[in-house]
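Colleague: Okay, here's the prediction I keep looking at, along with the sequence it came from:
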Amino acid sequence: DTGVSQDPRHKITKRGQNVTFRCDPISEHNRLYWYRQTLGQGPEFLTYFQNEAQLEKSRLLSDRFSAERPKGSFSTLEIQRTEQGDSAMYLCASSLARGADNQPQHFGDGTRLSIL
Amino acid sequence: SQQGEEDPQALSIQEGENATMNCSYKTSINNLQWYRQNSGRGLVHLILIRSNEREKHSGRLRVTLDTSKKSSSLLITASRAADTASYFCATDELYNQGGKLIFGQGTELSVKP
């Protein structure tokens, strides 16, 4: 399967714990995005990378959240000191940027985070 | 924050009927995209329509875009039970260099066999 893969699919943790999610994009894609989706809502943009550079972060991304994409390949999203409100589906997507033309994004199946 | 609204929030039809979903948005855009999401899964890209296009087809899908009204519609013809899913419109805003998408709240489509 050469699509976007995310790990783990599900994560249950206690409030206050740290969690880390991983995303492996489609190999030739240079852009990688993180979104968060709560029940009954559309995804909300969190941050994106072009290669290894993090170029934009949403106001939703508090200082407890950090994302990295070392070497411009896989990415990790870490949430420190988790709170109840962090419970959501965390979606990763990737795309191939061609100049000014923004291409469709390919999504993984997400990591569902539940905070007890 | 969500870019716009989708209408209806939920739609239930019989197999073979057509399904129409509408999307309104707030800002000028580069393009508008439609995605499908099956329960518990990621989003699947369906179709992209650019701001200078008015209509686009892909198989049983027909998308229209009215930039003067800041609205779009997605028509699925001859629906099948397998079309049951949530459908989201997403906008790529004008001057957006990075391609981030702003999603609507979605329409939940149920196609009964």
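Modeller: Yep, it's here. From a predicted model like this one, the values you see are computed outputs, not experimental measurements.

Colleague: Residues in a beta bridge with residue B:90, which ones?
Modeller: residue B:33, residue B:103 (DSSP bridges).

Colleague: wait, doesn't it sit right on residue B:106?
Modeller: No - applying C-beta atoms under 8 Å as the test, residue B:90 and residue B:106 come out as separate, 10.1 Å apart. C-beta coordinates here come from the backbone N, C-alpha and C atoms, glycine included.

Colleague: what's the overlap in contacts for the two?
Modeller: residue A:42 (C-beta atoms under 8 Å, 6 or more residues apart in numbering or on different chains).

Colleague: now do the same end-to-end measure for stretch B:17-28.
Modeller: One end of stretch B:17-28 sits 33 Å from the other (C-alpha to C-alpha, to the nearest Å).

Colleague: What's the separation between the nearest residue to residue A:25 once chain neighbours are set aside and chain B?
Modeller: Excluding the flanking residues, the one nearest residue A:25 by C-beta to C-beta, 6 or more residues apart in numbering or on different chains is residue A:94, at 3.3 Å. Plainly put, residue A:94 is 11 Å away from chain B if you go by C-beta to the nearest C-beta, to the nearest Å.

Colleague: For the helix or strand encompassing residue A:94, name the packing helices and strands.
Modeller: Applying DSSP states H and E as the criterion places residue A:94 in strand A:88-95. For strand A:88-95, the packing partners by 3 or more C-beta pairs under 8 Å, 6 or more residues apart in numbering or on different chains; DSSP states H and E come out as strand A:5-7, strand A:19-24, strand A:31-37, strand A:75-79, strand A:106-107, strand A:111-115.
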